[in-house]
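Engineer: Please work out how this folds:
(chains A and B)
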2 protein chains.
Amino acid sequence: MGYETLNEQTAAEYVQSKTSLFPKGADLDCREIGDGNLNMVFRVWQKDAAKQSVIIKQSLPHARIDESIVAPLERARIESEMLVLHDTHCPGLAPKIFDYDREMYAIIMEDLSDHVVLRKGLIAGTVYPKLGEHLGIFLARSLFFTSDLGMDPLKKKELQKSFVNPDLCKITEDLVFSNPYFNAENNKIDPEIRERAERNWRDALLKREVAKLKEKFMTQGQALVHGDLHTGSVFVTQDSTKAFDPEFAFYGPMGFDVGAIIGNLVLNHAAQVWHKQDLSDRKKFQGYLLETIREIWRVFDKEFRNLWNEHVHTPLESAPEYRDDYMKRLLSDSIGYAGCKMTRRIVGLAQVEDIRSIKDVNVRRDAQIAVLDTAREFILHREQLTSIDDVLEVIQKFAMP
Amino acid sequence: MGYETLNEQTAAEYVQSKTSLFPKGADLDCREIGDGNLNMVFRVWQKDAAKQSVIIKQSLPHARIDESIVAPLERARIESEMLVLHDTHCPGLAPKIFDYDREMYAIIMEDLSDHVVLRKGLIAGTVYPKLGEHLGIFLARSLFFTSDLGMDPLKKKELQKSFVNPDLCKITEDLVFSNPYFNAENNKIDPEIRERAERNWRDALLKREVAKLKEKFMTQGQALVHGDLHTGSVFVTQDSTKAFDPEFAFYGPMGFDVGAIIGNLVLNHAAQVWHKQDLSDRKKFQGYLLETIREIWRVFDKEFRNLWNEHVHTPLESAPEYRDDYMKRLLSDSIGYAGCKMTRRIVGLAQVEDIRSIKDVNVRRDAQIAVLDTAREFILHREQLTSIDDVLEVIQKFAMP
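Structural biologist: I've put the predicted structure just below:
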C-alpha cells in the first residue's frame, strides 16, 4: 500500500474502506477544509443524512510551503498516537478516533464542526459552565495514566521512547523559555512595553527561575503531555470540551499542560478590560474566568488523588505523605509554567488574539504589563503559592481596575 | 556476517581481523577469563612480547544459566556504547576502546589486568592517592558532556532514546528504592539489626523522601549516567582509575552516579572498624576516605563549573546564578542517592563485602546501624547539607568511635 496523498475524490472512498461509519453504497460528499500547512483536513458527510459526518486528517510528507521542514511525518505519527491515547484515557474530552492508519498518516475522527475554538469563545465573552470541570478531568486522566503512577513503568519507558519529539520541543525551548528573556531577533515587543520587557532581561532571579523551569521541561519525563494546551487547542460548546492538536506531545512535566491552560485564561482575563467595556459585565466575566481556573485545579487535584488512591498500591508510592507532596509540587510547577506561557505571549514571536485585538494602545499596554507582572510573581513565588486561592489573589492583585 | 559466539580458537583471529594492535602473523594466545553469566571475556596476548595484550568482551545472546533472561543483547549494546562514550569524554579514566562491533556485540578494549577492583583495594586498606581527583574528573566530564549543557539538546534527545534501559532500571527501582523500605521477600536483614531496619519502614518522612528520589530516578533525564558506579565498578592502581561495567547506563539524574561512589566510600569507612584493627591506622585510613570524598566533590564541582564556563553560552544557562543553583541541587541529589545506596547495601538483596566480611557480629551490627543512621540523615537533610564539609560532619557524627 504505502503513503498516498488523499484528495476530495479519494477521501470518501478511503473512509468507506477503513470504517463502517456510513452504510455501504451511501452517497458521500467531501470537502477539504484544512487551513494548515502540514495537514490535509477533509470533511466527509452523507448527503441524504446531513448529520452523519467525519473528519479525515492526513499529514503531508512535507510542508505545503516549504518542503525542507523537518520530520513532518514523525510529528504526524506523534499527533495521531496522542489523539488515540487521549480518546482512550479521556473519552468525550478529545475527538473520538475511528481509525488511525500508520502508513497513510491519516486519522479518521469525530467531526467537531458544531464546536468553536475556546479562545474565540472567550474573546466573545461566552461562558462555558462545564469548562473547568472538563479540563480538570482531561488533565488528571491524560497525565495520570501516562505517568509511572498510572501505568507499568517498563511500558512507560517504551512509550516515552516513541514520543521523543526533539524538533517541536526545540520550538518550545526557544520560544517559551529562552527568547523572551533576552533581545532575541524574533521577539515581538510593542514599543509601549519595551522598557518593561527589558526589565525582565536584567532580572537575574527571574531568569534563574525560568532556566530551572526550562531545565525541568527538557529533562523531566513525568507524563505524556499535550505540550501546547492553550485555549486555541480546545474546542467547546455549552456542554462539551475537546482538546485537540497535540503535535507537541512528549514526555515532560505535568505542570506544563496545567500551566498552559491557566496561563491562557489569565491572558484572556487581562484582555477583558477591552473586550467587555461595561464594568459590571466585565467583572462578572472575569469572575467566571477566575472561577474556571479555581475549578480546573480543584477538579484536577480531586480526580488525580482519586486515581492515585484507586490505582497506586506500591508501598512507597501509596503513602499519603508522598501523594500530598507530589500534588504540592504539581501546583508550583503549573504556576511557574503558566507564568512562562503568559510572558511569551506578550513579548515573544507567537502572540494571542485576546491581547493583539485590543485596539487602544494604552489599554493594551496596561493589560500587557499586568500580564508580565503577574507572570513574574507566578514564576518567582510558585513554591510559596500553596493553594489555588493564593494563585487567584496574585491575578487580582495585578489586574487592571 | 551476523552474530557468532567467539571461543578461545576464534577470538585471536577476530582481534587480528578487527584491529592492527598486533603485527600481522603474530603468534597470539587466548584465554577465556570471564566469570559472569552474560558475557564471554577473552584475554588475547602476543606470546613473544608478553606485555602486549587486549580484552574482548562479547555479550551472549542469552544468559549462560537462564536463557529466558530478558534482552541481554540490548543490555550489551548499551554497555558497549556507554564504554565508547566514556572513552571519548574521559580518556584515561575508562578502558580504552579499540573496536566495537554492533553485529557481534563484541568490544575490543584495553587489558586492565594490572589493576585491582577498588572495593578489594579499600577493604585491604590501600591508599590510592589520585582516586578522588580521577573520579571527580570522570563524573564531571561523563555527566556534563551527555547533558543539555554539554551537547546539542536535539542530539541529546536521540541519545536518550537509544539508552532507554527499562529492565535494568527496574532492578534499581526495586532493589535500591522500594524493597529496603518495606518487608520485601528478597531483603537480607541480619537479625541483630532487624529492629533498626523496621524502624525505617515506619518512618513516613524518610519514605516520602526516598519516594521523591525514586521518582527523580525514574523521570529526570539529566545526563547519561553509569547507573551502577559503586566501588566494585572501578579498577585502580596507585596512579590509574578506570570506571567499567556500565550496563545500567541510562538517562537519569547526575547525582545518582556521584552518590553511588560516595555512598560506597561511606560503607567502607564504617567497615574499617573491623578491617583496620589498630585505632591509629584506622583513623588514618578513615581520614583518607573522608579526604577522598571531599576531593571527589571538590574536583567534580570545579571541573563541572569549568566545563560550564567554557561550553555554555546561551543567555539563560550561562548565568552564574543558575549555575550556582544547579551545583547546589547536584550536591543535594548526590547526598540523597548516597543515602539510598548505603541503606540498600545493609538491608537489601545485594550487599557489600566491606560489611559482610566483618566476622564479629556485634561490630558488624554497630557498623550497619552507623550506616543506616548516616543514610537517614543524608536522605532527610540533603537540602540543608550545602557543602561537602557538612556531609563529612554527618559521616563523622554517626561513625563508631
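
Engineer: right, is the top helix by length along chain A up against chain B?
Structural biologist: Counting residues, the longest helix found in chain A (DSSP state H) is helix A:279-311. No: shown here: helix A:279-311 not in contact with chain B (CB under 8 Å from any CB of the partner chain), separated by at least 12.3 Å. To be clear about C-beta, it is placed using only N, CA and C from the backbone, and glycine gets the same treatment.

Engineer: which of the residues in that helix are buried?
Structural biologist: For helix A:279-311, a neighbour-count test (16 or more other CB atoms under 10 Å in any protein chain shown) marks A:282, A:285-286, A:288-297, A:299-301, A:303-305, A:307-308 as buried.

Engineer: now that helix, how far from the chain's geometric center?
Structural biologist: 16 Å (CA atoms, centre = their mean, to the nearest Å).

Engineer: and the stretch 301-401 of chain A, which residues reach chain B?
Structural biologist: So the stretch 301-401 of chain A meets chain B at A:314-317, A:319, A:321-322, A:325-326 (CB under 8 Å from any CB).

Engineer: other SSEs contacting the helix or strand of chain A with the lowest mean pLDDT?
Structural biologist: In chain A, the helix or strand scored least confidently by mean pLDDT, DSSP states H and E is helix A:72-89, which has a mean of 88. Using 3 or more CB pairs under 8 Å, 6 or more residues apart in numbering or on different chains; DSSP states H and E, the elements in contact with helix A:72-89 are strand A:53-59, strand A:97-101, strand A:106-110, helix A:131-144, helix A:166-172.

Engineer: Quick one: work out the angle between the host helix or strand of residue A:334 and helix A:279-311.
Structural biologist: Per DSSP states H and E, residue A:334 falls inside helix A:320-347. Relative orientation of helix A:320-347 versus helix A:279-311 (axes from the mean of the first three to the mean of the last three CA atoms, to 10 degrees): 140 degrees.

Engineer: residues of helix A:320-347 that come out buried?
Structural biologist: Buried positions in helix A:320-347, judged by neighbour count with 16+ other CB under 10 Å: A:322-323, A:325-326, A:329-347.

Engineer: quick check, distance from that helix to the centre of its chain.
Structural biologist: Using CA atoms, centre = their mean, the offset of helix A:320-347 from its chain centre is 14 Å.

Engineer: Which element is encountered next along the chain beyond that helix?
Structural biologist: The first helix or strand that comes after helix A:320-347 along the chain, using DSSP H and E, is helix A:353-356.

Engineer: packing partners for that next one?
Structural biologist: Identification of packing neighbours for helix A:353-356 by 3+ CB pairs under 8 Å, 6+ apart yields helix A:118-123, helix A:254-275, helix A:361-381.

Engineer: From chain B, how far out is residue A:218?
Structural biologist: Applying CB to the nearest CB, to the nearest Å, the value for residue A:218 to chain B is 5 Å.

Engineer: What is the helix or strand encompassing that residue packed up against?
Structural biologist: Taking DSSP H and E as the definition, one finds residue A:218 inside helix A:204-219. The helices and strands touching helix A:204-219, judged by 3+ CB pairs under 8 Å, 6+ apart, are helix A:166-172, helix A:194-201, helix A:320-347, helix A:361-381, helix B:320-347.

Engineer: Would you format these as TSV with distance to residue B:43 and mean pLDDT included?
Structural biologist: What follows is the helices and strands packed on helix A:204-219, written out as TSV (distance: least, CB to CB, whole Å; pLDDT from 0 to 100):
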stretch	distance to residue B:43	mean pLDDT
helix A:166-172	42	95
helix A:194-201	60	98
helix A:320-347	49	98
helix A:361-381	58	98
helix B:320-347	31	98
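
Engineer: Serialize those to TSV and add fields for distance to residue B:400.
Structural biologist: As requested, these are exported to TSV (distance: least, CB to CB, whole Å):
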stretch	distance to residue B:400
helix A:166-172	50
helix A:194-201	54
helix A:320-347	32
helix A:361-381	45
helix B:320-347	14
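
Engineer: Determine which of those approaches residue B:159 most closely.
Structural biologist: Minimum separation from residue B:159 across the helices and strands packed on helix A:204-219 (CB to CB) falls at helix A:166-172, 10.5 Å.

Engineer: who's in contact with the residue nearest the centre of chain A?
Structural biologist: Centrality entry for chain A: nearest residue to the mean C-alpha point is residue A:229, 0.4 Å, by CA atoms, centre = their mean. For residue A:229, the contacting residues are A:243, A:257, A:260-261, by CB atoms under 8 Å, 6 or more residues apart in numbering or on different chains.

Engineer: Between all of those residues, which two are separated the most?
Structural biologist: A:243 and A:260 (10.6 Å).

Engineer: overlap in contacts of these two?
Structural biologist: A:226, A:229.

Engineer: which residues are contacting stretch A:7-20?
Structural biologist: A:4, A:6, A:21-22, A:24, A:26, A:28-32, A:42, A:44, A:54, A:56, A:98-99, A:101, A:104, A:106, A:108.

Engineer: what's the distance between that stretch and the middle of its chain?
Structural biologist: 30 Å.

Engineer: mean confidence for it?
Structural biologist: Averaged over stretch A:7-20, pLDDT sits at 94.

Engineer: Could I get the buried residue list for that stretch?
Structural biologist: For stretch A:7-20, by 16+ other CB under 10 Å, it's A:11-12, A:14-16, A:18.

Engineer: Any chance of CSV for those residues, columns secondary structure?
Structural biologist: Formatted as CSV, those follow (DSSP: H, G, I helix; E, B strand; the rest coil):
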residue, secondary structure
A:11, helix
A:12, helix
A:14, helix
A:15, helix
A:16, helix
A:18, helix
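
Engineer: Identify, from those, the entry nearest to residue B:205.
Structural biologist: residue A:18 (55.2 Å).

Engineer: show me the contacts for residue A:224.
Structural biologist: By CB under 8 Å, 6+ apart, the neighbours of residue A:224 are A:82, A:85, A:142-143, A:146, A:159-160, A:163, A:249-251.

Engineer: Is it located within a strand, as I assumed?
Structural biologist: Yes: according to three-state DSSP, residue A:224 belongs to a strand.

Engineer: per-residue pLDDT, it?
Structural biologist: Looking at residue A:224, its pLDDT stands at 98.

Engineer: Quick one: name the residues of the stretch 1-150 of chain A near chain B.
Structural biologist: Listed as neighbours of chain B in the stretch 1-150 of chain A under the rule CB under 8 Å from any CB: residue A:148.

Engineer: Give me the below-cutoff pLDDT ranges for the stretch 1-150 of chain A.
Structural biologist: A:1, A:36-37, A:50, A:62-72 (pLDDT under 70).

Engineer: Residue B:75: which of the helices and strands packed on helix A:204-219 is closest?
Structural biologist: When these are compared for distance to residue B:75 using CB to CB, the nearest one is helix B:320-347, at 20.8 Å.

Engineer: helices or strands up against the closest one?
Structural biologist: Using 3+ CB pairs under 8 Å, 6+ apart as the test, helix B:320-347 ends up in contact with helix A:204-219, helix B:194-201, helix B:204-219, helix B:254-275, helix B:279-311, helix B:361-380, helix B:388-398.

Engineer: returning to what we had before: is it possible to get TSV of the contacts of residue A:224 that adds neighbour count and distance to residue A:122?
Structural biologist: What follows is the contacts of residue A:224, written out as TSV (neighbours: other CB atoms under 10 Å in any protein chain shown; distance: CB to CB, whole Å):
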residue	neighbour count	distance to residue A:122
A:82	27	24
A:85	20	27
A:142	29	22
A:143	27	23
A:146	25	28
A:159	17	33
A:160	24	33
A:163	21	30
A:249	26	24
A:250	23	27
A:251	25	30
